[in-house]
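Asks: let me see the structure of the following:
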Amino acid sequence: MGDKKYAGLIAKDQLDSAIRDGDIDTVIVAICDMQGRLMGKRLTGDYCLRNGLTKGTHFCVYLLGTDMDMTTPSGYALMNWETGYGDWLAQPDWSTLRVVPWLEKTAFVLADAVDEKTGQLVSIAPRTILKNQLKKAEESGFRFQMASELEFYLFKQSYEEIHSCGYSAMQTAGHYNEDYNLLQGTRNEPIYRKIRNSMTEAGIPIESSKGEAYSGQHEINMLYGDPLTSADRHVFFKHGTKEICLQNGYAVTFMAKPHHQWTGSSGHLHISMWDLEQETNLFFDPNGTQYQMSELMEHFLAGLLAYMRDFSLFVAPNVNSYKRYASESWAPVSVVWSHDNRTSGFRIVGAGKSLRIECRIPGADINPYLAYSAMIGAGLQGIKYKTPLPAEFKGNAYIAKGVPRVPRSLYEAMDLWKESRVVRAVLGGLVTDHYYNAARVEQQTFDSVVTSWERERYFEQG
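Replies: Numbers count the residues shown, from 1 in each chain. Take a look at the predicted model:
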């Protein structure tokens, strides 16, 4: 790794040199779609030198108005057959440019979705939504540090093999609970080591990996950073992990609940709030009466508690997301806060400059730009209106009575979203309606499918 001339994050002028030197011949330009996937083009090095990529590259607007199957559903104001499905620009953010160690002579850059006619960021693009929340925060004198923890399942089968058997004979890469278990982790360490080291080489700082609470389940933690950087790392990590598994005969899934008998995969998010110079953690007050939490932190946390249900479409975006919320499953069901209590939806951890909030509600299937936006938007509402913080919940939050609950279904989350004045105030009407339609499409698609569970239950006995 260390003897490579170009590695990790590189500058735009280094890319030009790398192409001229023959070290890079392919440049991937990608946007993040609504589902959290990377979509884009592979450009030749020669074209990049001739074109300069000063403007970016075009993509069809439908990429920000599709479902998982890349169909073109109705109901989107900005993309439909009447508007003709035109183009937007993928405008590279050169601060994200990096060499991809697992792809030969390839560099990668994330792009913002831009309306070429106006020169403005496309409002419904996930990266734009997060940028807008960060701008609001800065106008109030706040910046944030955030980090993602991602859990996933590993399979010693390829995606093609799993697909060919109809997803009915999936075999996790392990045969017992490997939570912190080093022996079980060793069985799959060759691929986990490749993922950790490749990500580090690509400029995605990895803190650790560990076995999780089911056979074949693992977790990898990334270093914290500003929210945009952390979200960029998050989407690149998920995409890159899948590519590495593709190349090595494995499959990996970030589904929230791949099987009803398995532990769900979480996407825990950590957040702290800082001054504009990023020198002082504004969540910490040595004189704070509750775990040295500042008044700002209490109001921010109160905003999360008050409005996280409203923002559920951004933290639990799929029909399957809600299967993860089950009692005593390590996924929270109660929207309460506690100090160092893994049964609650919000867990206060750290001390001093590391004091922060861990949101345990999201699954690994989140789009990080949207989930981060939901946390920041809800928390800032708490600060704006000085929302009082409810009392800490102590004990087993799975059996809590009389407290708000995580929505039980995408249907419930859609209703909360549609009726919420706060969601519309934070995101604006266009974004609110766009993502409501995305949820509607997903739910209606699911409702139209006859599942294997139904056949097994009703085929003979019904």
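Asks: CA only for contacts and neighbour counts going forward, please
Replies: OK.
Asks: quick one: the strands in the stretch 1-150 of the chain?
Replies: Under the criterion DSSP state E, counting those that start in this stretch, the stretch 1-150 of the chain contains strands at 26-32, 38-44, 57-60, 87-92, 98-99, 106-114, 143-155.
Asks: flag the shaky bits of the stretch 101-250 of the chain, pLDDT-wise.
Replies: Applying pLDDT under 70 to the stretch 101-250 of the chain flags no residue at all.
Asks: show me where it has helices.
Replies: 126-139, 159-164, 182-187, 189-201, 227-247 (DSSP state H, counting those that start in this stretch).
Asks: closest one to residue 421 among those?
Replies: Smallest distance to residue 421 across those (CA to CA): 16.6 Å, for helix 126-139.
Asks: show me what that closest one packs onto, helices and strands only.
Replies: Helices and strands touching helix 126-139, by 3 or more CA pairs under 8 Å, 6 or more residues apart in numbering; DSSP states H and E, are strand 106-114, helix 227-247, helix 368-384.
Asks: let's see that with 10 Å instead.
Replies: Where contact means 3 or more CA pairs under 10 Å, 6 or more residues apart in numbering; DSSP states H and E, helix 126-139 is packed against strand 26-32, strand 106-114, strand 143-155, helix 227-247, helix 368-384, helix 421-427.
Asks: who wins for proximity to residue 454 among those?
Replies: Here strand 143-155 is closest among these (CA to CA), at 25.5 Å.
Asks: the closest one to helix 227-247, inter-axis angle?
Replies: Interaxial angle, strand 143-155 versus helix 227-247 (axes from the mean of the first three to the mean of the last three CA atoms, to 10 degrees): 10 degrees.
Asks: tell me what angle strand 143-155 forms with helix 126-139.
Replies: Going by the same axes, to 10 degrees, strand 143-155 makes 150 degrees with helix 126-139.
Asks: how far does strand 143-155 sit from its chain's centre?
Replies: 7 Å (CA atoms, centre = their mean, to the nearest Å).
Asks: may I see the buried residues of stretch 116-132?
Replies: 116, 121-132 (16 or more other CA atoms under 10 Å).
Asks: okay, those in CSV with distance to residue 262 next?
Replies: Below are the buried residues of stretch 116-132 laid out as CSV (distance: CA to CA, whole Å):
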residue, distance to residue 262
116, 46
121, 41
122, 39
123, 37
124, 34
125, 33
126, 30
127, 32
128, 35
129, 33
130, 32
131, 36
132, 37
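Asks: what's the most distant pair in those?
Replies: Maximum distance among those (CA to CA): 20.3 Å, for 116 and 130.
Asks: can you give me the strands for the stretch 201-350 of the chain?
Replies: Under DSSP E, counting those that start in this stretch, the stretch 201-350 of the chain gives strands at 206-211, 217-222, 251-253, 269-274, 337-339, 346-349.
Asks: so can I have CSV of those showing distance to residue 462 and mean neighbour count?
Replies: Supplementary listing: these in CSV, determined by distance: least, CA to CA, whole Å; neighbours: other CA atoms under 10 Å:
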stretch, distance to residue 462, mean neighbour count
strand 206-211, 42, 18
strand 217-222, 36, 22
strand 251-253, 34, 23
strand 269-274, 44, 22
strand 337-339, 45, 22
strand 346-349, 43, 21
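Asks: of all the ones you listed, which one is nearest residue 387?
Replies: Nearest of the strands of the stretch 201-350 of the chain (CA to CA): strand 337-339, 14.6 Å.
Asks: re earlier: export the strands of the stretch 1-150 of the chain to a markdown table and tack on distance to residue 189 and mean neighbour count?
Replies: Converted to a markdown table, the strands of the stretch 1-150 of the chain look like this (distance: least, CA to CA, whole Å; neighbours: other CA under 10 Å):
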| stretch | distance to residue 189 | mean neighbour count |
| --- | --- | --- |
| strand 26-32 | 29 | 24 |
| strand 38-44 | 26 | 16 |
| strand 57-60 | 38 | 17 |
| strand 87-92 | 35 | 22 |
| strand 98-99 | 24 | 26 |
| strand 106-114 | 26 | 24 |
| strand 143-155 | 11 | 24 |
